[in-house]
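> Predicted model and sequence below, questions to follow.
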Amino acid sequence: MEEINVFWFKRDLRLHDNPSLSLALKSNLPLALVYIHEPSLQADPNYSPRHFQFIGESLVDLQNELKNQKIELLIFKGEVIEVLDQLQQSYRIKRLYSHLEVGIGLTFQRDLNVKKWCKINDVVWHEKAQNAVVRGLRNRITWREDMQAFMTATLATFAPDRSTFITSKRLHKSLITDPFNQAPITEHGFQKGGRRAGLKYCASFFADRVKNYSSHLSKPELSRRGCSRLSPYFAWGCLSTREIYQKTLLEYDGSPWKMQLKSFSSRLVWQSHFIQKFESETRMENQPLNRVYFDLDKEVNDTFIEAWKKGQTGYPLIDAAMRCVVQTGFLNFRLRSMIVSFLTHHLYQPFTAGSQWLARQFLDFEPGIHYAQFQMQAGLTGINIVRVYNPTGNAIDHDPEATFIKKYVPELAALPSVFAIEPWKLTEMEALMYNFDYGKDYPKRIVDISDTRKKALDTLYALRETETGKKEIARILNKHTLHASGNRIP
């Protein structure tokens, strides 16, 4: 049979600065460009229809870009090995190319199975990282320098001029599927998938929105424009962090917004830093990073968890944030940290009670970022300051007019801002004046945060001081701490 190579798109839905794809194009064999809708992934509790909607839109965008060059993207439905076996019925696969995915346990096991399949079928599998993450890294002694070298390296090019590509003519038609399979096109309030959409957000950010980046970053409503909003395009690979990092460097010299660009560039670097943490200890998906916290005794309270998910905790900023992420798939970093802190500290629930649920809500779900940050905000690293956020204080500081709160908690919209932030301060007369029945129109506070804060802090810090806690801190610092400086724009 005719020998071919296969390029397998995963979380790298782009042609530009795709190192694995660039390598695949250098071979003299015909190349099949493949995306696979995996039923097991669609059923995984970390994933939701909004993710596959975004993927579907990105695949349509990718298809259109390839069609302009008379190249076909082959989209399949099935488990990966099943699809590879079917391809083998028409062709002899010589090499498989893909990016080195740092994913959840399901995708890691899938990749191990693919590795075994490749060995059995004498297929060479080439995986290249699409960020500064290194597989099998034992410590971070040289990581910062290696990361900087990666981020400033020449961008990988898409040069298909000398390549020939496999079409669907010789393939089993039953395997070929529509890019929106199981995720039909619908009107929605989420960011649209695809590289073109990502480039539009990028252009508007550098042209205008960057000026408010630092000042709006922590504001619940203003951050929706002030942030770059590029994270979904990084998470699903429509854009590479390296290409945007290098664009940031180019923008820096002539920009009046140097401080904002410095802040933004540092976050591009931290993206790889947190994914590297997850790559080094993927058990963070299900277990505390610091093993001393295996001993945390947190009893699951389904009433608390449901109130948190539905935005019915009685704390307006928490409830607004929870309803917002369900409706739009986006929250700024402060709000993400706050809702995790509220769940794990004030409601004193295990982090696993909300981690997968929030993964399904975030349009930009990136396992390495999500689980590493969840561990940090839940206080489970043992090396970071435990931040137990006060949602009322944060509302006063960052949403003083209750703009965000009233937008997503309309029950409070008719109240003056001070009462929309703290409805429990309404007197009986004021409640009558505003025709507001506290406890009926809006729930009373589910817990008293003045009591819950101390319990959480005392418990977490006491475990740190144990012999196991101290040993774990030393282990984590040795494995995950950066050892050099100079990773940002000078």
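Sure thing, it's come through.

> burial measure for Y434, as a count.
By other Cβ atoms under 10 Å, 16 other residues sit near Y434. All C-beta spots, glycine's among them, are computed from the backbone N, C-alpha and C.

> Mind pulling up the pLDDT for it?
With respect to pLDDT, Y434 has a value of 97.

> Contacts only, for it.
By Cβ atoms under 8 Å, 6 or more residues apart in numbering, Y434 lies in contact with A414, L415, P416, F419, L426.

> ok, D12 touching A24?
No. The pair D12 / A24 is not scored as a contact, 11.8 Å apart, by Cβ atoms under 8 Å.

> List only buried entries from the contacts of Y434.
Buried subset of the contacts of Y434 (neighbour count, 16 or more other Cβ atoms under 10 Å): L415, F419, L426.

> In JSON lines: these, plus distance to Q42 and secondary structure.
Shown next, in JSON lines, are these (distance: Cβ to Cβ, whole Å; DSSP: H, G, I helix; E, B strand; the rest coil):
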{"residue": "L415", "distance to Q42": "42", "secondary structure": "coil"}
{"residue": "F419", "distance to Q42": "44", "secondary structure": "helix"}
{"residue": "L426", "distance to Q42": "46", "secondary structure": "coil"}
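
> so, if you compare those, which one comes nearest to P391?
F419 (15.3 Å; Cβ to Cβ).

> mind listing the helices in the stretch 301-450 of the chain by residue range?
Assigned by DSSP state H, counting those that start in this stretch, the stretch 301-450 of the chain shows helices spanning 302-310, 316-328, 333-341, 355-361, 367-377, 391-398, 403-408, 417-421, 428-433, 449-464.

> Taking their axis directions, the last one and helix 316-328 sit at what angle?
Note on geometry: by axes from the mean of the first three to the mean of the last three Cα atoms, to 10 degrees, helix 449-464 and helix 316-328 are set 80 degrees apart in direction.

> before we move on, what about the first one?
With the same axes, to 10 degrees applied, the angle from helix 302-310 to helix 316-328 works out at 60 degrees.

> buried ones in helix 302-310?
Going by neighbour count (16+ other Cβ under 10 Å), the buried part of helix 302-310 is F304, I305, A307, W308, K309.

> okay, the angle between it and helix 333-341?
Using the same axes, to 10 degrees: helix 302-310 against helix 333-341 is 170 degrees.

> Give me the mean pLDDT for helix 302-310.
Summarised as a single mean, pLDDT over helix 302-310 is 98.

> residues in contact with it?
For helix 302-310, the external contacting residues (Cβ under 8 Å, 6+ apart) are 312-313, 318, 322, 339, 342-343, 347, 349, 353-354, 357, 443, 446-447.

> Is Y35 in a helix, a strand, or coil?
The three-state label given to Y35 by DSSP: H, G, I helix; E, B strand; the rest coil is strand.

> Show the model's pLDDT score for it.
On pLDDT, Y35 comes in at 96.

> give me the number of residues near the closest residue to it other than its chain neighbours?
In space, and not counting its chain neighbours, Y35 is closest to F9: 4.4 Å by Cβ to Cβ, 6 or more residues apart in numbering. Using other Cβ under 10 Å, F9 is surrounded by 26 other residues.

> quick one, phi/psi of F9?
Main-chain dihedrals, F9, degrees, to the nearest 10: phi -70, psi 140.

> wait, what's in contact with it?
F9 makes contact with L33, V34, Y35, L62, L73, S98, according to Cβ under 8 Å, 6+ apart.

> go again using 10 Å as the cut-off
Applying Cβ atoms under 10 Å, 6 or more residues apart in numbering, we find F9 in contact with 15, 18, 20-21, 33-36, 55, 58-59, 62, 73-75, 97-99, 237.

> Please apply the same query to F206.
Contacts for F206 (Cβ under 10 Å, 6+ apart) come out as S228, I244, K247, T248, L250, E251, S255, W257, L261, F264.

> Could you tell me which of those residues count as buried?
Buried members of the contacts of F206, counted by 16+ other Cβ under 10 Å: S228, I244, T248, E251, W257, L261, F264.

> helix or strand for the fourth one, which one?
Under the assignment given by DSSP states H and E, the secondary-structure element containing E251 is helix 241-252.

> Can you give the distance of that helix from its chain's centre?
Distance of helix 241-252 from the chain centroid (Cα atoms, centre = their mean, to the nearest Å) equals 20 Å.
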